[in-house]
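Peer 1: what would the 3D arrangement of this be:
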Amino acid sequence: MKHQKHDLTLESAEALPRKRMTFGRAMRYQLLKFVRIRATPHAIGLGVATGIFSAFLPLVGVHMALAAALAWMFGGNMIAAVASTLLLGNPITYPVIWAAAWEAGQMILGSKAKSMGTIHLHELVHKLSFSELWGPILKPLLIGSVPLGIAGGAVGYFVMVQAVTIVRARRQARLNAR
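Peer 2: Sure, this is the predicted structure:
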């Protein structure tokens, strides 16, 4: 099947209907961006894994630098690491990630929030009392984020390696069929 070239002017381009951006279409678009990175599926997968891991950590402001550094250290793709950090770590997902990490940290530490009494987070942050924030909030959050980040990174690695391998094989088959 040959591709036809269209001579589109500005008026005719505006007359074309625009496809609606659905969630599935947006995910396919993001996947294609990862597939087009010039690297091996393993390097892209490692980049995605380090990006997901760093997005789980409660180190606000250093996620991208940490993801790039970890990807470089482990031989992953730094572009995939930063991109996956940006995709996973956003204001919509952080409350869910941090709540899950805090709960996981509480389970790992074997502590109960109810036994610590009421925590007035606004007052602690306003006073910038790091020592008072560490025990009830930051320590469980940091400890819980590590295993969740490792698990999320492992899933991201295997999914991305498989996705890149499959999409590239399909593309190669289409090119060979021409």
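
Peer 1: give me the contacts around stretch 97-110.
Peer 2: 55-56, 58, 88-89, 112-113, 137, 139-145, 147-148 (Cβ atoms under 8 Å, 6 or more residues apart in numbering). The way it works is simple: take the backbone N, C-alpha and C, and place the C-beta from them, glycine included.

Peer 1: let's see that with 6 Å instead.
Peer 2: For stretch 97-110, the surrounding residues in contact (Cβ atoms under 6 Å, 6 or more residues apart in numbering) are 56, 140-141, 143-145, 148.

Peer 1: helix or strand with the lowest mean pLDDT in this protein?
Peer 2: Sorting the helices and strands of the chain by mean pLDDT, DSSP states H and E puts helix 10-15 at the bottom, at a mean of 55.

Peer 1: how about the longest helix anywhere in the chain: buried residues?
Peer 2: Selection of the longest helix in the chain by residue count, based on DSSP state H, yields helix 139-177. Judged by neighbour count using 16 or more other Cβ atoms under 10 Å, the buried positions of helix 139-177 are 139-146, 148-149, 152-153, 156-157, 160-161, 163-165, 167.

Peer 1: need the residue closest to the centroid of the protein.
Peer 2: For the chain, the residue nearest the mean C-alpha position is L88 (3.1 Å; Cα atoms, centre = their mean).

Peer 1: show the contacting residues for it.
Peer 2: 52, 55 are the contacts of L88 under Cβ under 6 Å, 6+ apart.

Peer 1: tell me the predicted confidence for it.
Peer 2: Looking at L88, its pLDDT reads 86.

Peer 1: just N176 next, same as before
Peer 2: N176 is assigned 90 on the pLDDT scale.

Peer 1: repeat that for A81.
Peer 2: The model's pLDDT for A81 equals 91.

Peer 1: is it true that it touches A69?
Peer 2: No: at 8.8 Å, A81 and A69 do not qualify as touching, with contact defined as Cβ atoms under 6 Å.

Peer 1: residues touching L148, list them.
Peer 2: Taking Cβ under 6 Å, 6+ apart as the test, what L148 contacts is 56, 101, 104.

Peer 1: repeat that for 8 Å
Peer 2: Shown in contact with L148 (Cβ under 8 Å, 6+ apart): 56, 97, 100-101, 104.

Peer 1: list buried residues within the residues you listed.
Peer 2: 56, 97, 101, 104.

Peer 1: ok, the contacts of L148 vs L175, which is closest?
Peer 2: Distance to L175, by Cβ to Cβ, is smallest for F56 among the contacts of L148, at 37.8 Å.

Peer 1: residues in contact with the closest one?
Peer 2: 97, 101, 145-146, 148-149, 152.

Peer 1: what's the most distant pair in these?
Peer 2: For these, the maximum inter-member distance is 12.5 Å, found between I97 and V146 (Cβ to Cβ).

Peer 1: wait, doesn't A39 sit right on G75?
Peer 2: No: if you go by Cβ atoms under 8 Å, A39 and G75 don't touch, sitting 10.0 Å apart.
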